[in-house]
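Novice: next one to model:
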Amino acid sequence: MALDVLELHHHAVRMPLAKVAAMGAFYGDVLGLDTDKGRWEIPGIAGYFLDMGNDCQIHLLGSDGPSPYSQGPGRDPVENHVALAVRDIAAAEAELQRQAVDYWKLDNVAAPELMQLFLRDPVGNLIELHQIGRCRCKRSDRLFADAKAAEGAAPAQTAPQD
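Specialist: Here you go, the predicted structure:
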C-alpha cells in the first residue's frame, strides 16, 4: 500500500540569514509573488511564505549552519525540500514504518497540531509530509482557518472537511 498523497503544498528554499531580505524582495518585486502575512513564527528561522496562486507556496527559510530543529547530519528540516499533503498523517507514518522507510518527525514546531514527517528519496532529495488542512500552504484553507480563529474556534475545528 502506498501513501495517500493529495497535493503538492510547498517548495522550501534555504538561504543564509544575510540573504533573507534580498530573497524576499526578489520573489516579491521581480516574480510578483504575494507574501503570506500570517506566516507562523518559527523560532530561529527567518523567512517568508510566498503564495503561488491558491494551491501552493514557496517557503524562503533563512538559517546559518544547522537549524535549531536539525536532528543530526542529513536531518535538517530547513534544507531545500518539497512538501506534500497527505490525507492522514498517522496513517502515513504507519505506512512508512511498515515499508521500513527511514524518516524523522517534528511535532508542533511550525504550528500547533502540525506533525511533519521528513524522508529522503533514493537520490537524497528531502520530502516533507504533513496532513492536509493543518498548514498555511493553500490560501483557501488559510482563509477558512483564519475566519474560524477570528470566531474563536479551536485549531482542530478549522480544517475543512473533504
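Novice: the spatially closest residue to Gly44 that is not a sequence neighbour: what's it in contact with?
Specialist: Excluding its sequence neighbours, the residue lying closest to Gly44 (Cβ to Cβ, 6 or more residues apart in numbering) is Pro68, at 4.0 Å. No exception for glycine: its C-beta is placed from N, CA and C like everyone else's. Each residue near Pro68 by Cβ atoms under 8 Å, 6 or more residues apart in numbering is listed here: 43-45.
Novice: each with direction, which strands does the helix or strand encompassing Leu60 pair with?
Specialist: Per DSSP states H and E: Leu60 is located in strand 56-62. Using DSSP bridges, the strands paired with strand 56-62 are strand 5-15 (parallel), strand 46-52 (antiparallel).
Novice: what's the closest of the ones you listed to Val123?
Specialist: Smallest distance to Val123 across the strands paired with strand 56-62 (Cβ to Cβ): 16.7 Å, for strand 5-15.
Novice: CA atoms only for that closest one, dumped as PDB, please.
Specialist: Extracted in PDB, the C-alpha atoms of strand 5-15 (Å, rounded to 0.1, in the frame of the first residue of the first chain):
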ATOM      1  CA  VAL A   5      -0.600  11.900  -1.100                       C
ATOM      2  CA  LEU A   6      -3.100  14.500  -2.100                       C
ATOM      3  CA  GLU A   7      -1.300  17.700  -3.200                       C
ATOM      4  CA  LEU A   8       2.000  19.400  -3.600                       C
ATOM      5  CA  HIS A   9       1.900  22.100  -0.900                       C
ATOM      6  CA  HIS A  10       5.200  24.000  -0.900                       C
ATOM      7  CA  HIS A  11       8.800  24.100  -2.100                       C
ATOM      8  CA  ALA A  12      11.200  25.300   0.600                       C
ATOM      9  CA  VAL A  13      14.400  27.200  -0.400                       C
ATOM     10  CA  ARG A  14      17.100  27.700   2.300                       C
ATOM     11  CA  MET A  15      19.400  30.600   2.300                       C
END
